[in-house]
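J.: For reference, the sequence and a predicted model appear below.
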Amino acid sequence: MPLTNAGREFEALFNNAAIGILVSNSSGEIIMANDFCLRQFGYKKEELLHQKIEILIPIHYRKGHTQLRKQFNEGDAHSRPMGAGRDLFGIKKDKTEFPVEVSLSPYDANGERFTIAFISDITVRKKSEQALLQLNSKLEKRVEERTQSLTEALAKEKELNELKSRFVSMASHEFRTPLSTILSSAYLISQYTKTEDQTKREKHILRIISSGNMLNDILNDFLSVGKIEEGRIQIRFAPFNIEERINELLKELNTILKPNQKLTYSHQGESMVLLDLSLFRNILMNLVSNAVKFSEEGKEITIRTYEKDHKLVLEIADQGIGISAADQEHLFERFFRGENVSNIQGTGLGLHIVAKYVELMHGNITFTSQLQVGTTFIIHFNKAYKSLR
């Protein structure tokens, strides 16, 4: 039968449409496919016609699609997008899968149900969506990193502000005693003008020196913590003889011993080590001066260094007042001071600094303690020998 004008217009529209169009019957057989659809899937017309529609669907989806197609044909079908809310895929003749969008329009003719499918290849759109998702993910990650960075910066600033606040508060308390001692001793020295007053002058001069050193120690503690918090500690590893250096340092520390206190030192193993001498000196001076401070007169303080498993070990043991079990878990925290040392002057920063310096030199610090028996600090410097061998 010759085509009418309307028929010729439909055929022209069908074949020249810029979208894939195919028609299937109630059995799911393809009875028409336009040129665009053939190019989409890579088939010739004779290869595709009379094939089941499932030939254009990936194998792992075919079984489910057959059931859905039957339900569509047997139910109250109406025009609608296919697979709403789901990703749909087509498969080409060469087995290449690609994402598609499909709209279905059913119609009845001569007592049979037919379905027109409009098929769009959305590969480019999916790639754009994926690129947009990746870009969004990168932006979210950058925002998250930036937020984290700002949060950390604010937290660090808050910490430093708290540190400054604690310094002002502690300085007003800790500085009062040594400053009062210095002022009173300076005044009394000015009153001792006679030759026979020399012994009294010397006594007050020693008090001034001791108080001055105390102020200097407090300031050094705060400066050290400030540098640690700001990441401004420069580590300078250099070889030195541990035994010689400790003996030199202990001579300095002998001046702070209480009556009849004694420092005992021994070393075993290789003497040459690789550490930051300045930080090591601070660690030793801090731990030994604490041992002196928290031990009674006549007590012995033992210092040992030795090589174990290619590590340098430093032990400092006292027979002092010890640390309670409740205080031990907070010992290396900033500004922490045990309940049993409230009457002994200190900033609560020394052990915090020691722990940070040990960490900076790739070491670790532990301790054991018992009230009224004493405390032993044990430090392992893990790389003190490795670079020298």
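T.: Looks like it arrived, so ask away.
J.: so Ile208 sits right up against Ala186, yeah?
T.: Yes. Using C-beta atoms under 8 Å, Ile208 makes contact with Ala186 at a distance of 6.6 Å. (Each C-beta comes from the backbone N, C-alpha and C, glycine too.)
J.: Could you check which of these two is surrounded by more residues?
T.: Counting neighbours by other C-beta atoms under 10 Å for Ile208 and for Ala186 shows that Ile208 has the greater number, 17 against 13.
J.: Just confirm that one is within a helix.
T.: Yes. The assignment for Ile208, made by DSSP: H, G, I helix; E, B strand; the rest coil, places it in a helix.
J.: For Thr193, see how far away it is.
T.: Distance of Ile208 to Thr193, given as C-beta to C-beta, to the nearest Å: 18 Å.
J.: again with Leu277
T.: Between Leu277 and Thr193 the computed distance is 46 Å (C-beta to C-beta).
J.: Compare neighbour counts for the two and give me the winner.
T.: Leu277 (15 against 8).
J.: residue contacts, the more buried one?
T.: Contacts for Leu277 (C-beta atoms under 8 Å, 6 or more residues apart in numbering) come out as Ala238, Phe240, Arg245.
J.: Give me the subset of the residues you listed lying in strands.
T.: Among these, the ones falling in strands (DSSP state E) are Ala238, Phe240.
J.: Make a PyMOL selection of whichever of the contacts of Leu277 turn out to be buried.
T.: Selecting the buried subset of these in PyMOL, with 16 or more other C-beta atoms under 10 Å as the burial test, is done by:
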select buried, resi 245
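J.: can you give me the strands in the chain?
T.: Counting by DSSP E, the strands of the chain are 20-24, 30-33, 80-81, 88-91, 97-109, 112-121, 238-241, 262-268, 272-275, 300-308, 311-317, 363-370, 374-381.
J.: remind me which residues of the stretch 251-389 of the chain are low pLDDT?
T.: For the stretch 251-389 of the chain, the stretches flagged by pLDDT under 70 are 336, 339-347, 387-389.
J.: Oh, that last question was meant for the stretch 51-200 of the chain, not what I typed.
T.: For the stretch 51-200 of the chain, residues meeting the criterion pLDDT under 70 lie at 73-85, 160, 163-177.
J.: End to end on stretch 87-98, go ahead and measure it.
T.: 10 Å (C-alpha to C-alpha, to the nearest Å).
J.: What residues of that stretch count as buried?
T.: Residues Leu88, Gly90, Ile91 are the ones in stretch 87-98 that count as buried (16+ other C-beta under 10 Å).
J.: out of those, which one sits closest to Asn282?
T.: Leu88 (69.9 Å; C-beta to C-beta).
J.: give me the beta-bridge partners of the closest one?
T.: Taking DSSP bridges, one obtains Val100 as the residues bridged to Leu88.
J.: is it true that it touches Glu97?
T.: No. In this structure Leu88 lies outside contact range of Glu97 using C-beta under 8 Å: 10.5 Å.
J.: hang on, the earlier thing: any chance of the contacts of Leu277 in TSV, plus distance to Glu296 and pLDDT?
T.: Listed next are these as TSV, based on distance: C-beta to C-beta, whole Å; pLDDT from 0 to 100:
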residue	distance to Glu296	pLDDT
Ala238	38	91
Phe240	34	94
Arg245	28	93
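J.: So which elements touch the lengthiest helix in the chain?
T.: Determined from DSSP state H, the single longest helix within the chain is helix 123-174. Here helix 123-174 touches strand 97-109, helix 198-229, going by 3 or more C-beta pairs under 8 Å, 6 or more residues apart in numbering; DSSP states H and E.
J.: What is the first one packed up against?
T.: In terms of contact count using 3+ C-beta pairs under 8 Å, 6+ apart, strand 97-109 is assigned the packing partners helix 59-74, strand 80-81, strand 88-91, strand 112-121, helix 123-174.
J.: Show me which parts of it are buried, residue by residue.
T.: Within strand 97-109, the residues that qualify as buried are Pro99, Val100, Glu101, Leu104, Pro106, counting by 16+ other C-beta under 10 Å.
J.: now stretch 109-124
T.: Neighbour counts using 16+ other C-beta under 10 Å place Arg113, Phe114, Thr115, Ile116, Ala117, Phe118, Ile119, Asp121, Ile122 of stretch 109-124 among the buried residues.
J.: Report the contact partners of the closest residue to Thr366 other than its chain neighbours.
T.: Take Thr366 and drop its neighbours on the chain: the residue closest to it by C-beta to C-beta, 6 or more residues apart in numbering is Ile378, 5.1 Å away. Residues near Ile378 by C-beta under 8 Å, 6+ apart: Val313, Leu314, Glu315, Ile365, Thr366, Phe367, Thr368.
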